[in-house]
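S.K.: Have a look at this fold, sequence not included:
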């Protein structure tokens, strides 16, 4: 019989585990999405059902959302989208500054969205999702995508400035530059082949990144060889005005570009005349790059400030549950006193089949970044020193990363 080997209690509550919300006893409900599902869709579904659940709870019980993983995902996607739009605007602005022609600027500007739309089409066929890594790949690819279109457009504009008709210039200019475009596209795409075949967890994380940016580059090459010459033949006009007949802004920018060209010409001749010094500068540059590579801090994932901290607590083997609770509450009291902490959830004892009987867990929600001077990493280092005053109890803080591996957060 069970009573022969232990003490049997008839009840529904496990008295060897406890949880607190700030300083009040609570029940922690953790919901984890299944692999392959969308975090934001799961969160939206939970928030839809939550009011119905709250109506069925007693008046003395309150449901509080401690951690919403979708918030950081939404913010990250929003930041990447803003960066993508900003990059697109900056690229178009630089093209306009150098070409000083609205019609010519529209041509690579139109090739950018076509390349991105084509990339999305291939991603849909491959069943890829729009996430942080794929959006980061598209952001980096904007610079690569526009390169092919600019090279094609510049050669066509050169033929137009030589007096050819736009249609003839598009035919002749594209015929001259087609091999260059193909070599640029294939060489850029080949750079990411090692990332594609990288093994381990980094390979699994960045495989989609490598495929996405490679697809974007290949699609941009196709667009540059087809759409760009066609648009140039329709949008460009023969240059009929001389420099003196153009507006003051055009003449001023032309003088600035000619000055830059003269400066480059002078510096190039100086380097050719002083080859020894040039080689020494090159060697010092390589040595400095190697030195910076070794001294620069490295890590599996960059530290990010998501406004949350996790902590695993551990007592001595064989510690009683009452002593475990006292130590857990002592540590929680120290953490709550920190001015950077907003809300704290703490639990002691094994929970849900996870953790041993001498372990605990803490979830710390920090105040908004604008209301605290320290970053999450600095707060974590500060708390490590403060909780050391609790003897016989180990506390392991963790700054969660924005990317999870195997259903758990990676080490921050």
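M.R.: Thanks, I have it. Source: prediction; values computed, not measured.

S.K.: what ranges do the helices span in the stretch 301-412 of the chain?
M.R.: 321-336, 376-387 (DSSP state H, counting those that start in this stretch).

S.K.: what does the longest one contact?
M.R.: When you say that, I think you mean helix 321-336. 15-16, 18, 20, 22-23, 311, 313, 315, 319, 341, 344, 346-349, 357-358, 360, 362, 364, 383, 386-387, 389-390, 392-393, 395 (CB atoms under 8 Å, 6 or more residues apart in numbering). Yep, even glycine has a C-beta here, placed from its N, CA and C like the rest.

S.K.: do the same with the last one
M.R.: Applying CB under 8 Å, 6+ apart, the external contacts of helix 376-387 come out as 303-309, 311, 331, 334-335, 338, 340-341, 364, 366, 372, 374, 393, 395, 397-399, 412.

S.K.: before we move on, the earlier item: got a quick PyMOL command for the buried subset of the contacts of helix 321-336?
M.R.: Entered in PyMOL, the line below selects the buried ones among the contacts of helix 321-336, by 16 or more other CB atoms under 10 Å:
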select buried, resi 18+20+311+313+315+319+341+344+346+347+348+349+357+358+360+362+364+383+387+390+393+395
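
S.K.: In strands, which of the contacts of helix 321-336 fall?
M.R.: Among the contacts of helix 321-336, the residues falling in strands (DSSP state E) are 18, 20, 311, 313, 341, 344, 346-348, 360, 362, 364, 395.

S.K.: before we move on, the earlier item: mark which of the contacts of helix 376-387 are buried, thanks.
M.R.: Buried, going by 16+ other CB under 10 Å: 304-309, 311, 331, 334-335, 338, 340-341, 364, 366, 372, 374, 393, 395, 397, 399, 412, out of those.

S.K.: I'd like the distance from stretch 259-271 to the chain centre, please.
M.R.: 39 Å (CA atoms, centre = their mean, to the nearest Å).

S.K.: That one - what's its average pLDDT?
M.R.: The predicted model assigns stretch 259-271 a mean pLDDT of 91.

S.K.: again with stretch 133-141
M.R.: 79.

S.K.: show me the contacts for residue 148.
M.R.: Contacts of residue 148 by CB under 8 Å, 6+ apart are 181, 184-185, 220-221, 223-224, 228.

S.K.: Looking at the residues you listed, spot the one nearest residue 58.
M.R.: residue 220 (60.4 Å; CB to CB).

S.K.: Pretty sure the closest one sits against residue 150.
M.R.: No: using CB atoms under 8 Å, residue 220 is not in contact with residue 150; the gap is 10.8 Å.

S.K.: more neighbours, these two?
M.R.: Higher neighbour count among residue 220 and residue 150: residue 220, with 31 against 20, using other CB atoms under 10 Å.

S.K.: on that earlier part again, deepest in the core, which of the helices of the stretch 301-412 of the chain is it.
M.R.: Mean neighbour count (mean count of other CB atoms under 10 Å) peaks for helix 321-336 among the helices of the stretch 301-412 of the chain, with a mean of 18.

S.K.: ok so, going back, between the ones in strands among the contacts of helix 321-336, which is nearest residue 193?
M.R.: residue 311 (41.3 Å).

S.K.: pLDDT wise, what is that closest one at?
M.R.: 88.

S.K.: how much space between it and residue 259?
M.R.: 60 Å (CB to CB, to the nearest Å).

S.K.: now the strands for the stretch 201-350 of the chain?
M.R.: 308-314, 341-348 (DSSP state E, counting those that start in this stretch).

S.K.: what is the mean pLDDT for the longest one?
M.R.: With pLDDT averaged residue by residue, strand 341-348 scores 88.

S.K.: That strand to strand 308-314, inter-axis angle?
M.R.: Calculated by axes from the mean of the first three to the mean of the last three CA atoms, to 10 degrees, strand 341-348 forms an angle of 30 degrees with strand 308-314.

S.K.: on contacts alone, who are the packing partners of strand 341-348?
M.R.: Here strand 341-348 touches strand 18-21, helix 321-336, strand 359-366, going by 3 or more CB pairs under 8 Å, 6 or more residues apart in numbering; DSSP states H and E.

S.K.: same check, this time on the first one
M.R.: In terms of contacts (3+ CB pairs under 8 Å, 6+ apart), strand 308-314 is packed against helix 321-336, strand 359-366, helix 376-387, strand 394-398.

S.K.: if we go to 6 Å?
M.R.: Under the contact definition 3 or more CB pairs under 6 Å, 6 or more residues apart in numbering; DSSP states H and E, strand 308-314 sits against strand 359-366, strand 394-398.

S.K.: Give the pairing partners of it; include direction for each.
M.R.: If you go by DSSP bridges, strand 308-314 pairs up with strand 359-366 (antiparallel), strand 394-398 (antiparallel).
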